[in-house]
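# coordinates only, sequence not included:
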């Protein structure tokens, strides 16, 4: 069954897009037809739209979204409200009065989407209330958390198995970005999905370049500085293995003249929110964080993700590194690991008491060690890990298949690498250039001065309305505005991300900002 022209109309009206990404329309059709779904789609594939758009097409009905992070819920609710789609979240940050009002309105069918945490669903008073809500279907985000084989297993997700028992006629859709074949089977079993429609996207992200370097502590920081200088002016995420290392790295980078912000679980919530928003608004380009940072981060123009230690699994690395290049532009994923990382990971595995979980942790340990030390194509290794069998053997976008750039050379290793440079440089650069050319926009170039002017306007507009900058518009929309320089509301509507609602809210201010920039330029 096709979602038909109504889905396309909603896509244009609320999201401002002319067409779907791969698999989105098929998943939407399955949900509209009332089928259970298991969807595995990498970061940037547009998972949230797959359940948000059907929700917008079902007046008087509510999609219940189970999401693991309060911040992620709040961001999605804010974005939906900006698009004119009624949504709410129910979590512990709300006052008792606000929670009661939300629950009352939900029973009246006031929301197209209602976001709950798995912990909230596990409460004894939740299911009796939920049975009075006009539910269309359940969407389980980050569904790998339900599987003991998953890298982010959360016991409260196991409670979701009761949804089928209490809501036998309501479809359940499971979404995840990083699930092996074993985890996918476990998700289907745990959620008791009925003959689900399965959609597995390719795990190959051809616009990403994977580079791995083993180094000692002094080399690692020197390499980090070189990489950040190479990506100066671009948005970068640096993942640190510990909270202490986050603080040390931020301080050391400041001493090198590189402005950076930290993000970790021991910061108070308000400071984390401020730092994240400053990074999202491009006020500071480099964010150094623990794995507490990143889940649900909706920033498309991240040019590099750098890890300062081995992650605990390939799934974790794929998910975190995949926050680079969500706009389809060439981006770098760089793993700088040290020998001592192996001992630290092994130490944490040995702390696990449950024998079965310890065995699974050792398997993840072996997999990530093999990835770091291997001389086989990085992209191919990742695809094979997730059960995908590529028809190619060389990706032309990793340190195994092409020569790594000069700025990734460890100084002491330079002489060893010199002899192979001339042989590889031309061909590898051409190959990567051909591979990523499809993402370039035709016509006029982006005006960097106008982009900065509009970025400042976006920041001001967001603060005035009390919303994150990315909910006003994403970086891709900012780029298109700076390239096309529209002079009417109709022209703004032609830009991806600007449906009628968003054009009505911001269009005139954007036109005024563009005119102001032009007037200043002509007066010089």
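Okay, I see it. From a predicted model like this one, the values you see are computed outputs, not experimental measurements.

# what's the next secondary structure element after the worst-scoring helix or strand of the chain on mean pLDDT?
Sorting the helices and strands of the chain by mean pLDDT, DSSP states H and E puts helix 414-436 at the bottom, at a mean of 39. For helix 414-436, the following helix or strand on the C-terminal side (DSSP states H and E) is helix 448-465.

# Which SSE is immediately downstream of that next one?
According to DSSP H and E, the helix or strand after helix 448-465 is helix 469-472.

# helices or strands up against that following helix?
Helix 469-472 is packed against helix 70-82, helix 269-280, helix 448-465, with contacts defined by 3 or more C-beta pairs under 8 Å, 6 or more residues apart in numbering; DSSP states H and E. For the C-beta atoms, the positions are set from N, CA and C on the backbone; glycine is no exception.

# How many residues are close by residue 146?
For residue 146, the count of nearby residues is 28 (other C-beta atoms under 10 Å).

# which ones are touching it?
Contacts for residue 146 (C-beta atoms under 8 Å, 6 or more residues apart in numbering) come out as 140, 153, 154, 157, 158, 160, 161, 174, 186, 187, 190, 191.

# what's the spacing between it and residue 66?
According to C-beta to C-beta, to the nearest Å, residue 146 and residue 66 sit 10 Å apart.

# can you list residues touching both of those two?
By the contact definition C-beta under 8 Å, 6+ apart, residue 146 and residue 66 are jointly contacted by 140, 160.

# The contacts of residue 146, buried ones only, as a ChimeraX selection?
Buried members of these, defined by 16 or more other C-beta atoms under 10 Å, are picked up in ChimeraX with:
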select :140,153,154,157,158,160,174,186,187,190,191
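
# So which of the contacts of residue 146 belong to strands?
Among the contacts of residue 146, the subset assigned to strands under DSSP state E consists of 140, 174.

# got a markdown table for the contacts of residue 146, with distance to residue 231 too?
What follows is these, written out as a markdown table (distance: C-beta to C-beta, whole Å):
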| residue | distance to residue 231 |
| --- | --- |
| 140 | 35 |
| 153 | 34 |
| 154 | 33 |
| 157 | 36 |
| 158 | 41 |
| 160 | 40 |
| 161 | 44 |
| 174 | 35 |
| 186 | 38 |
| 187 | 36 |
| 190 | 41 |
| 191 | 40 |
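
# mind listing which of the contacts of residue 146 are in helices?
Judged by DSSP state H, the subset of those located in helices is 186, 187, 190.

# show me what contacts the second one?
For residue 187, the contacting residues are 38, 143, 144, 146, 147, 174, 176, 179, 193, by C-beta under 8 Å, 6+ apart.

# Top of those by number of neighbours, please.
Highest neighbour count within the contacts of residue 187: residue 143, with 30 neighbours (other C-beta under 10 Å).

# List the single closest residue to it in space, sequence neighbours excluded.
In space, and not counting its chain neighbours, residue 143 is closest to residue 174: 3.8 Å by C-beta to C-beta, 6 or more residues apart in numbering.

# what pairs with the one you found across the strands?
On the basis of DSSP bridges, residue 174 is bridged to residue 38, residue 140.

# pLDDT weak spots in the protein?
1-5, 294-297, 411-443, 524 (pLDDT under 70).

# Mind splitting it into its structural domains?
As assigned by automatic domain parsing, the chain contains the domains 4-200, 208-439, 448-523.

# What are the boundaries of the strands in the chain?
37-40, 62-66, 87-90, 113-116, 135-140, 172-176, 197-200, 208-214, 235-239, 260-263, 286-289, 302-307, 331-337.

# right, so the domains of the chain: which one is the most enclosed?
Ranked by mean neighbour count under mean count of other C-beta atoms under 10 Å, the domains of the chain are led by domain 4-200, which reaches a mean of 19.

# quick check, distance from that one to the centre of its chain.
Using C-alpha atoms, centre = their mean, to the nearest Å, the mean C-alpha position of domain 4-200 is found 16 Å from that of the whole chain.

# Next: stretch 202-222.
Taking the mean of its C-alpha atoms, stretch 202-222 sits 19 Å from the chain's own mean (C-alpha atoms, centre = their mean).

# next one: stretch 365-385
Using C-alpha atoms, centre = their mean, the offset of stretch 365-385 from its chain centre is 22 Å.

# Can you give the contact residues for it?
180, 202-206, 208, 210, 212, 214, 310-314, 317-318, 335, 337, 342, 345-346, 349, 389-390, 392-395, 397-401.

# For residue 517, list the residues it contacts.
Residues near residue 517 by C-beta under 8 Å, 6+ apart: 449, 450, 453, 454.

# what's near enough to touch the last one?
So the one you mean is residue 454. Contacts for residue 454 (C-beta under 8 Å, 6+ apart) come out as 478, 481, 482, 510, 513, 514, 517.

# which stretches of the stretch 1-150 of the chain form helices?
Per DSSP state H, counting those that start in this stretch, the stretch 1-150 of the chain carries helices over the ranges 4-10, 24-32, 47-56, 70-82, 96-107, 118-122, 126-130.

# Show me what the second one is packed up against.
Counting contacts by 3+ C-beta pairs under 8 Å, 6+ apart, the secondary-structure elements packed against helix 24-32 are helix 4-10, strand 37-40, helix 47-56, strand 197-200.

# how about 7 Å then?
strand 37-40, helix 47-56, strand 197-200 (3 or more C-beta pairs under 7 Å, 6 or more residues apart in numbering; DSSP states H and E).

# go on, the third one?
Under the contact criterion of 3+ C-beta pairs under 7 Å, 6+ apart, the helices and strands touching helix 47-56 comprise helix 4-10, helix 24-32, strand 62-66, strand 172-176.

# got the angle for the last one vs helix 24-32?
By that I understand strand 172-176. Using axes from the mean of the first three to the mean of the last three C-alpha atoms, to 10 degrees, the direction of strand 172-176 lies 150 degrees away from that of helix 24-32.

# Just the residues contacting stretch 25-42, thanks.
With contacts defined as C-beta atoms under 7 Å, 6 or more residues apart in numbering, stretch 25-42 is touched by 1-3, 7, 23, 47, 50-51, 53-54, 57, 137, 171-177, 179, 184, 187-188, 193-194, 196-201, 203, 205, 322.

# 6 Å instead?
Stretch 25-42 is contacted by residues 1-3, 7, 47, 50, 53-54, 171-177, 179, 188, 193-194, 196-201, 322 when judged by C-beta atoms under 6 Å, 6 or more residues apart in numbering.
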